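>>> Show me how the following folds:
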Amino acid sequence: MNEISLDIVQQTANALKENPHLKMKDWHAHIQWQTGVQNKVMIRHFDSFLMDEPETLGGTDQAPNPVEYLIGAAGSCFAITFEVMASQNGIKLESVDVKIEAELNAAVFLGIEEGDGGILNPIITLTVNADASKEQLAQIANIALLKSPVLNSLNKEIRLEIQ
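As a prediction, the model looks like this:
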């Protein structure tokens, strides 16, 4: 359905039910400083990519900054969760468009103010063309909002190890 391998997804779900120890999956990224505030990010076997900052934050603006990647990852994870759930419900998707925007208080990042230094007031806008009612799509979207791993990760405490 919608070119999503639901059989494989179901096989994975069945394997997790039979062997609960399989449910935990480790993910890794390796980040290497390049110059200035540029970092090279390597994930699994994929091509590496750069992260930078706009010139106003000390960068050269040669790549998106980490906050832009974060909101991109959050929006994409929500979209994937929605697409899988819609497909599991037999809904044929014609198009799915997700836009995400958020604010960030740069004064906290720069040490000028105290406060919440994370993304603020995130808004996801979902536009879907599918063979389902708006109510059905809204129900799935609201569940996807709760089930998206990246969205759920945004409020977790991070443990720091310095070597």
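>>> Going by residue numbers, what spans are helices in the chain?
6-18, 66-88, 106-109, 134-147, 149-153 (DSSP state H).
>>> what ranges of this protein fall below the confidence cut-off?
Along the chain, the model assigns pLDDT under 70 to no residue.
>>> And the nearest residue to Ile91 once chain neighbours are set aside, how far from Asn89?
Among residues not flanking Ile91 along the chain, Ala132 sits closest, at 4.5 Å (CB to CB, 6 or more residues apart in numbering). C-beta coordinates here come from the backbone N, C-alpha and C atoms, glycine included. Distance of Ala132 to Asn89, given as CB to CB, to the nearest Å: 8 Å.
>>> Who has more neighbours out of the two?
Ala132 (17 against 13; other CB atoms under 10 Å).
>>> Would you agree the more buried one is in contact with Ala86?
Yes: in this structure Ala132 lies within contact range of Ala86 using CB atoms under 8 Å: 7.3 Å.
>>> Next, the contact list for the spatially closest residue to Ala106 that is not a sequence neighbour, please.
In space, Ala106 comes closest to Leu57 once its chain neighbours are excluded; the distance is 6.9 Å by CB to CB, 6+ apart. Going by CB atoms under 8 Å, 6 or more residues apart in numbering, Leu57 touches Val37, Asn65, Ala106, Phe109.
>>> re earlier: just say which of the helices of the chain is most tucked in.
helix 66-88 (a mean of 19; mean count of other CB atoms under 10 Å).
>>> Show me what it is packed up against.
Applying 3 or more CB pairs under 8 Å, 6 or more residues apart in numbering; DSSP states H and E, we find helix 66-88 packed against helix 6-18, strand 93-104, strand 119-130, helix 134-147, helix 149-153.
>>> quick one on the thing from earlier: any chance of the helices of the chain in a markdown table with distance to Ala29 as columns?
Formatted as a markdown table, the helices of the chain follow (distance: least, CB to CB, whole Å):
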| stretch | distance to Ala29 |
| --- | --- |
| helix 6-18 | 22 |
| helix 66-88 | 11 |
| helix 106-109 | 21 |
| helix 134-147 | 22 |
| helix 149-153 | 13 |
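>>> Sweet, I'm off.
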